[in-house]
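In: Okay, sequence plus prediction incoming.
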Amino acid sequence: MRSRRSLLIRSAALVMAVMLCAALFSACKLRDDNKPEDSAKPTGEVGSEPIPVTTVVMRSKNADLTLYDFGQGFYNSQFFMYYMYGLIDPGQFCDSVIEELSGFLYALNAAIDSGVELTDEEKEEISHTIDDQFEELLDRYEEAVEGDVEDKRAAARALLEEDLEADGINYDKFMELAENNMRLYYIVTKYYQELESNIEVQDDEVEDYISEQLQASSEITVSDLAQLLSAFNEGSGAYPVYIPDDCFTVNHIYLGYEMESDADGNEYYLPESRTADEERIEELIPTLADYEAFMALEEEYGEDPGMDIEGYRNYGYLIHEDLVNDYFAGFVYGAMNLYYGEWTPAASEDPEATEVPNSTPELKEFTLQDGTKVVKVCTESGIHYLIVNKELKKGPVEYTVGDEYWESWRSQVVSEKLGELSDELMETWKETYEIDTDVYTIKLKYAPDSADQR
């Protein structure tokens, strides 16, 4: 089985890291009025005993949220970067997270009252997912283990338990909260799926959507196009209706370098760690018949998890000179030279820039038996053997009613209708399900300077 060491696109790496921890580091529980309080009330003074993360801060008819939940909403909010850069002050950001979590609670209450239940198969799937995520979480902790430790897994478990103890919970509680949290998100998702199943979409509505998108496509930026294509590749959006002439996509075989730490704990890559695999792949590439044979070799040796996602495997990573900062330095340079035969990047206006286009790494070219070109480029983290993806077509996308493009656009129309329906239902839910929010405790924990400004 292949080792998956690194994600290619940085933003994707961040998203995957968030997704990995979101379920495990959450603590949402069904309301139990007969159960005593999980913890004492906060002291109200900054610097006093820490407020337990199991403290309930948002109460509703069917479910409660704790400080632990709020922490996950806080760090995973779509506006977190605005907060990090000081564009939103802590108090305002807490208010925005409260609003986001309130929306989830309203939908959860409605789902529970409508009788949404999970099947035994769904519960088993949740359990397996939690176990898998926990193992991946320990993998990350294992990377933080310092020194020459014989049993790194046990040391990683010890580090995790230290963090859990600091939050006032133990391993058993941690796993209980994680599984229960995922169960509630499954319930909400299932409820929305039931709402969606009753939405009807006519062919002419999809045609109207395509026409609107085609008209607007000339005005979108390359970055917008990249987001659209990535959303489709990840299964969460519609395929773009138009691909500009100066864009193309590539697939690649990626070999990630091993890492080592020095005496001071500084980590660095070891290019020599992949020499044997590098030599073997470069022996094989010239013997390959065509694109399909190259992708079969990727199956055997490639280590980019993006190539395991059906969308990225089929349609590749979007390349354009404006996207140089979306990839490891050198990747776009190699791809542009592969596609255009010879390409020289424009000089950066930033004298301190370290990314392409200031850097021009060494490239090595190979040719498959049918004449298809492959380019090798080394980046900081590993070796990439690039090939132009053959599926991406330029100009307006050709489709037939019912094919995968059409269905992605139809799903987008359904999504828009579901959004409109959700907005209508939300007004009813707000009247039906009162939420009692302890703003003071939340802000005492996450925005202490604004805690008294209630």
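Out: In hand now; what should we look at?

In: Every contact and neighbour count from this point should use C-alpha atoms.
Out: Noted.

In: Do me a favour and get the backbone dihedrals for G235.
Out: Here the main-chain torsion angles of G235 (degrees, to the nearest 10) amount to phi 80, psi 20.

In: any idea how far it is from Q412?
Out: According to CA to CA, to the nearest Å, G235 and Q412 sit 11 Å apart.

In: So those two - more neighbours on which side?
Out: Using other CA atoms under 10 Å, the more surrounded residue of G235 and Q412 is Q412, with 18 against 15.

In: residue contacts, M307?
Out: Taking CA atoms under 8 Å, 6 or more residues apart in numbering as the criterion, M307 is in contact with 251-252, 313.

In: ditto for T360
Out: 330, 333.

In: Need the pLDDT of it.
Out: Note on T360: pLDDT of 76.

In: ok, so of the contacts of M307, who is nearest D245?
Out: Set against D245, the nearest of the contacts of M307 by CA to CA is N251 (18.4 Å).

In: Across the sheet, point out what pairs with that closest one.
Out: With DSSP bridges as the criterion, N251 is bridged to I387.

In: doesn't G311 make contact with it?
Out: No: using CA atoms under 8 Å, N251 is not in contact with G311; the gap is 11.3 Å.

In: where exactly do the strands run in the stretch 201-350 of the chain?
Out: 242-243, 248-256, 258-261, 267-270, 317-319 (DSSP state E, counting those that start in this stretch).

In: same for the fourth one, what does it pack against?
Out: Identification of packing neighbours for strand 267-270 by 3 or more CA pairs under 8 Å, 6 or more residues apart in numbering; DSSP states H and E yields strand 258-261.

In: Which strands border the strand it packs on, and is each parallel or antiparallel?
Out: strand 267-270 (antiparallel).

In: what residues does the strand it pairs with touch?
Out: Counting by CA under 8 Å, 6+ apart, 257-261, 380-381 sit against strand 267-270.

In: export it as PDB, just CAs?
Out: C-alpha atoms of strand 267-270 as PDB (Å, rounded to 0.1, in the frame of the first residue of the first chain):
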ATOM      1  CA  GLU A 267      13.200  19.500  10.900                       C
ATOM      2  CA  TYR A 268      14.500  19.300   7.400                       C
ATOM      3  CA  TYR A 269      13.900  17.200   4.300                       C
ATOM      4  CA  LEU A 270      16.200  14.400   3.100                       C
END
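
In: where does the stretch 251-400 of the chain dip in pLDDT?
Out: 347-359 (pLDDT under 70).

In: Where neighbours are concerned, which of the contacts of M307 has the most?
Out: Neighbour max across the contacts of M307 (other CA under 10 Å) = H252, 28 neighbours.

In: Grab the nearest non-local neighbour of that residue.
Out: Excluding the flanking residues, the one nearest H252 by CA to CA, 6 or more residues apart in numbering is L386, at 4.4 Å.

In: so what's that neighbour up against?
Out: 250-253, 334-335, 338, 374-377.

In: now stretch 291-303, how far from the centre of its chain.
Out: In terms of CA atoms, centre = their mean, to the nearest Å, the centre of stretch 291-303 is found 24 Å from the chain centre.

In: now do stretch 376-395
Out: With CA atoms, centre = their mean, you get 21 Å for stretch 376-395.

In: among the contacts of strand 267-270, which ones are buried?
Out: Those of the contacts of strand 267-270 that meet the buried threshold are 257, 381, by 16 or more other CA atoms under 10 Å.

In: how about the host helix or strand of S96: buried residues?
Out: Assigned by DSSP states H and E, S96 belongs to helix 90-113. In terms of neighbour count (16+ other CA under 10 Å), helix 90-113 has its buried residues at 90-91, 93-94, 96-98, 101-102, 105-112.

In: now swap in stretch 321-341 and tell me
Out: The neighbour-count check on stretch 321-341 (16+ other CA under 10 Å) flags 321, 324-339 as buried.

In: can you check stretch 302-318 too?
Out: Across stretch 302-318, burial judged by 16+ other CA under 10 Å covers 302-307, 311-318.

In: for stretch 268-275, same thing?
Out: 270-271.

In: Next, the angle helix 90-113 makes with the biggest helix by length in the chain.
Out: Assignment by DSSP state H gives helix 404-432 as the longest helix of the chain. Helix 404-432 runs at 100 degrees relative to helix 90-113, counting by axes from the mean of the first three to the mean of the last three CA atoms, to 10 degrees.

In: For helix 404-432, what does the pLDDT average out to?
Out: Here the average pLDDT along helix 404-432 is 95.

In: following that helix, which helix or strand comes up?
Out: strand 436-437.

In: what's that next one packed up against?
Out: Using 3+ CA pairs under 8 Å, 6+ apart: strand 436-437 touches strand 56-59.

In: 10 Å - rerun?
Out: strand 56-59, strand 63-66, helix 90-113 (3 or more CA pairs under 10 Å, 6 or more residues apart in numbering; DSSP states H and E).

In: need the ones you listed in CSV with distance to L363 and mean pLDDT, can you?
Out: Formatted as CSV, the helices and strands packed on strand 436-437 follow (distance: least, CA to CA, whole Å; pLDDT from 0 to 100):
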stretch, distance to L363, mean pLDDT
strand 56-59, 56, 95
strand 63-66, 53, 90
helix 90-113, 46, 94
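
In: Tabulate these (CSV), appending distance to M81.
Out: Listed next are those as CSV, based on distance: least, CA to CA, whole Å:
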stretch, distance to M81
strand 56-59, 24
strand 63-66, 23
helix 90-113, 10
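
In: quick one, which of those is nearest to T367?
Out: helix 90-113 (52.4 Å).

In: how about the closest one as PDB, C-alpha atoms only?
Out: Extracted C-alpha coordinates of helix 90-113, given in PDB (Å, rounded to 0.1, in the frame of the first residue of the first chain):
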ATOM      1  CA  PRO A  90     -12.400  39.000  19.600                       C
ATOM      2  CA  GLY A  91     -15.800  40.100  20.900                       C
ATOM      3  CA  GLN A  92     -17.300  40.500  17.400                       C
ATOM      4  CA  PHE A  93     -15.800  37.200  16.300                       C
ATOM      5  CA  CYS A  94     -17.400  35.400  19.300                       C
ATOM      6  CA  ASP A  95     -20.700  36.900  18.300                       C
ATOM      7  CA  SER A  96     -20.300  35.600  14.800                       C
ATOM      8  CA  VAL A  97     -19.500  32.100  16.000                       C
ATOM      9  CA  ILE A  98     -22.500  32.100  18.300                       C
ATOM     10  CA  GLU A  99     -24.700  33.000  15.300                       C
ATOM     11  CA  GLU A 100     -23.200  30.200  13.300                       C
ATOM     12  CA  LEU A 101     -23.600  27.600  16.000                       C
ATOM     13  CA  SER A 102     -27.200  28.900  16.700                       C
ATOM     14  CA  GLY A 103     -28.100  28.100  13.100                       C
ATOM     15  CA  PHE A 104     -26.800  24.500  13.600                       C
ATOM     16  CA  LEU A 105     -28.800  24.200  16.800                       C
ATOM     17  CA  TYR A 106     -32.000  25.400  15.200                       C
ATOM     18  CA  ALA A 107     -31.600  22.800  12.500                       C
ATOM     19  CA  LEU A 108     -30.700  20.100  15.000                       C
ATOM     20  CA  ASN A 109     -33.800  20.700  17.100                       C
ATOM     21  CA  ALA A 110     -36.000  20.600  14.000                       C
ATOM     22  CA  ALA A 111     -34.300  17.400  12.800                       C
ATOM     23  CA  ILE A 112     -34.900  15.700  16.200                       C
ATOM     24  CA  ASP A 113     -38.500  16.800  16.400                       C
END
